[in-house]
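Asks: What follows is a predicted structure for the sequence shown.
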Amino acid sequence: MTKTKFLLIREIAAGLWHEMHHVLTQLLAAEILQRIPVVYWGEGSLYASSDGSNAFEQFFLPVSGCNVHDLAKEEFSFYPKRWNSANILLPNPHPIVDDGHGTDHLAECDADVCVRDTYIDVEKIIPFIPEEHPLYGLNRRDLFYHLIHKYIRLQKEVRALIDAFYDENMKGTAFLAVHIRSSDKIVEVRHLHELNSRYPREIEKVLQANPGIRIFLMTDCIEILEEYKKRYGDLLIHTECRRVPGNGQGVHFQEYPDNRRKGFEIILDTWLAARCDFFIGNGYSNVSAAVSELKNWKNDRIKLLY
């Protein structure tokens, strides 16, 4: 009898959709390796609550019938060797960047528990998808779309938050979702200000072609929200969430009295945007990518700016 093997997906101390793309990539790896996946976001997660619970499961249902405690057995072997049954509940001390060993894990990990504690881009996993696998041949966006719909199920409390806002503010009206980044994104995207200046023109095209449509705005920036309120008035709606000045540190790095709230805010915005009829977003943003992956958009209803 073949011994059951596991793939433990740890937190990488990143923004929520960077974390989620890490999870989705490793869920694909688990399928390729035929391992049982377990997601555990410990104290190192930016979304960890003070009670020490699995931060992932504050928002989402487990991805399998096993949990991290099932893996904390002395007889299990672990890879990388820095992990063992005594420390797998401790915060992940490793960076979010690719450590260069991503594909090695696919080829060489023979341990009972293979721990994925470092971000690896899905493009490095795609070449290892077997031809007989149902996701073989799909591009990045379509892979994530299928993986989200297979594995990512919202907790009842989170679903209720989304439904309540939608029913009260959006039901029965056509909406254009708009996601605009600011703050620390300028470090990654040097032409961010120029990119952001193109939104009004793209928004106007959708408004002109769809009389009566309203705008659902997602932004991390206080100034952008105020600018768009003045520009669009009653056409605009948004959720109440933490925002930062245009030159501030990213919202995901802000301290909250309860870090679960930080996760609720971005999940609420993302799932609401995916319920809209059109979407304009930032092609360099994990959040905009997530909106594109949550729904099978028609090409003429979504535009990502680069």
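Replies: Nice, thanks for sending it over.

Asks: Off-centre distance for the strand or helix carrying Val206?
Replies: Element membership for Val206, per DSSP states H and E: helix 199-209. How far helix 199-209 lies from its chain's middle: 27 Å, per C-alpha atoms, centre = their mean, to the nearest Å.

Asks: So which other helices or strands are in contact with it?
Replies: Judged by 3 or more C-beta pairs under 8 Å, 6 or more residues apart in numbering; DSSP states H and E, the packing partners of helix 199-209 are strand 175-180, strand 278-282, strand 302-305. No exception for glycine: its C-beta is placed from N, CA and C like everyone else's.

Asks: What segments of this protein are helices?
Replies: Counting by DSSP state H, the chain has helices at residues 16-33, 56-59, 68-71, 102-108, 140-151, 156-169, 185-188, 192-197, 199-209, 222-232, 259-274, 286-294.

Asks: nearest to Ile215, of those helices?
Replies: Ile215 sits nearest to helix 222-232 of all these, at 5.7 Å, using C-beta to C-beta.

Asks: Quick check: buried residues in the closest one?
Replies: Using 16 or more other C-beta atoms under 10 Å as the test for burial, helix 222-232 gives Ile222, Ile224, Leu225, Tyr228, Tyr232.

Asks: Equivalent analysis for stretch 173-182, please.
Replies: Phe175, Leu176, Ala177, Val178, His179, Ile180, Arg181, Ser182.

Asks: Distance check, the nearest residue to the last one once chain neighbours are set aside against Arg181.
Replies: Right, the one you point to is Ser182. Using C-beta to C-beta, 6 or more residues apart in numbering and skipping the chain neighbours, the partner closest in space to Ser182 is Cys221 (3.5 Å). According to C-beta to C-beta, to the nearest Å, Cys221 and Arg181 sit 8 Å apart.

Asks: And Asn54, by the same measure?
Replies: Per C-beta to C-beta, Asn54 is found 29 Å from Arg181.

Asks: now the stretch 151-300 of the chain, which segments are flagged as low pLDDT?
Replies: By pLDDT under 70, the low-scoring segments of the stretch 151-300 of the chain are 183-188, 245-246, 248-254.
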